[in-house]
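**Student:** how would this look folded up:
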Amino acid sequence: MTQNEQNKDIVRRFLGAVETGELEVIEQLQAPECTWWMIGSGEISREAYTDAVKGMLLTASYRKVRIVGMVAEGDTVAAEVRSEMHFGDRVYANEYHDLFVIKDGLIVHGREYFDTGKVAAFFGAQVRCSMNAETVVRQFLSLFHTRKLDVGAVRAMLADDARYQPVVPIAPLRHGADAICEELERQYELYDECACDIRNVAAAGSTVFTERVDTCRQLKDGRETTTHVVGVFDLDDAGRIVWWREYWDGLDCAGQLGIDDKAMRSIMCA
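**Tutor:** Modelled structure (predicted):
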């Protein structure tokens, strides 16, 4: 088998795993340093991309991924793909042009082009079942595993009159999408790469509960802090987040940071 054919086979396996929901294969075929670029979102990390894919796979009741054609040259494979996923009684279908860069048998970079109008039409449509609300929340949380926060992408998933409470009950409410984005930008001056490891999800209608373990990199000294979090989200009829509140142990986090409870409260109530 030529190198071009080997690289095409890797892409077939990767896209096949998306259809079958084999999350381990999706992880295994990406190099640790793999990066992605998506139209409408720009550069995103391996973790953020994988979390977004997981969010789709874990909530879809049916998945179909068909490769229309592939061309390989050197370490690059271009694939034309048609995808269809069912979420309850709603169907998301789109056409993709995916570009993969492969080295030593693993994907090191991917670029994904698709019809953004179809994405907006589907995810902006009325949320009719808990599976759809869960998908929105999973995608929202995946936006935070990054060094530079994509404020535009975050803002697009919030209702104009959304509310956010970073720590219930001590932190003040942030009212409005713009105020929420300002608060998140303030937080990203303290830390970045907030990886949200979702352990459990419970959804009822347009309300979604998440049990997570969040790991952040502190910008001051580069240390990582790990916090157990329960986050609750309410969505409106357009599938946008209207009420977001988080519950976590501020004392435990303060201990990891080497500060006292007063300093922790001051940080969260700024």
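**Student:** my guess is Glu112 contacts Thr35, does it?
**Tutor:** No. Between Glu112 and Thr35 no contact is recorded; they are 12.0 Å apart, counting by CB atoms under 8 Å. C-beta here means a position set from N, CA and C on the backbone, and glycine is covered the same way.
**Student:** Report the beta-bridge partner residues of Ala78.
**Tutor:** Partner residues in beta bridges with Ala78: Val71, Leu99, with DSSP bridges as the criterion.
**Student:** With the one 5 residues further on instead?
**Tutor:** Bridge pairing for Ser83 (DSSP bridges) gives the partners Val65, Asn94.
**Student:** how close does it sit to Phe233?
**Tutor:** Here Ser83 is placed at a distance of 26 Å from Phe233 (CB to CB, to the nearest Å).
**Student:** now Met157
**Tutor:** For Met157, the distance to Phe233 equals 10 Å [CB to CB].
**Student:** residue boundaries of the helices in this protein?
**Tutor:** In the chain, the helices defined using DSSP state H lie at 3-20, 23-28, 46-59, 116-123, 130-142, 151-156, 177-187, 250-257, 261-268.
**Student:** In a markdown table: the ones you listed, plus distance to Asp89 and mean neighbour count.
**Tutor:** Rendered in a markdown table, the data for these read as follows (distance: least, CB to CB, whole Å; neighbours: other CB atoms under 10 Å):
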| stretch | distance to Asp89 | mean neighbour count |
| --- | --- | --- |
| helix 3-20 | 21 | 17 |
| helix 23-28 | 25 | 14 |
| helix 46-59 | 13 | 20 |
| helix 116-123 | 13 | 14 |
| helix 130-142 | 10 | 22 |
| helix 151-156 | 25 | 16 |
| helix 177-187 | 29 | 16 |
| helix 250-257 | 42 | 16 |
| helix 261-268 | 41 | 14 |
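**Student:** Now the ones you listed in CSV, please, with extra columns for mean pLDDT and distance to Ile107.
**Tutor:** Formatted as CSV, the entries for the helices of the chain read as follows, by pLDDT from 0 to 100; distance: least, CB to CB, whole Å:
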stretch, mean pLDDT, distance to Ile107
helix 3-20, 96, 7
helix 23-28, 92, 10
helix 46-59, 79, 9
helix 116-123, 77, 22
helix 130-142, 77, 18
helix 151-156, 88, 23
helix 177-187, 94, 30
helix 250-257, 79, 34
helix 261-268, 72, 39
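**Student:** So which of these is nearest Phe87?
**Tutor:** helix 130-142 (5.1 Å; CB to CB).
**Student:** quick check: angle from that closest one to helix 46-59?
**Tutor:** Here helix 130-142 runs at an angle of 170 degrees relative to helix 46-59 (axes from the mean of the first three to the mean of the last three CA atoms, to 10 degrees).
**Student:** helices or strands up against helix 130-142?
**Tutor:** Under the contact criterion of 3 or more CB pairs under 8 Å, 6 or more residues apart in numbering; DSSP states H and E, the helices and strands touching helix 130-142 comprise helix 46-59, strand 76-87, helix 116-123, strand 191-204, strand 207-218, strand 224-235, strand 241-248.
**Student:** who touches it?
**Tutor:** 47-49, 51-52, 54-56, 58-59, 61, 87-88, 90, 123, 127, 154, 157, 196, 198, 201, 203-208, 210, 212, 231, 233, 235, 239, 241 (CB atoms under 8 Å, 6 or more residues apart in numbering).
**Student:** try it again with 7 Å
**Tutor:** When contacts are defined by CB atoms under 7 Å, 6 or more residues apart in numbering, helix 130-142 is touched by residues 48, 51-52, 55-56, 59, 87-88, 90, 123, 127, 157, 196, 198, 201, 203-206, 208, 210, 233, 235, 239, 241.
**Student:** Also stretch 147-159?
**Tutor:** Contacts of stretch 147-159 from elsewhere in the structure, counted by CB under 7 Å, 6+ apart, are 41, 136, 140, 143, 177, 180-181, 184-185, 188, 192-193, 236, 240-242.
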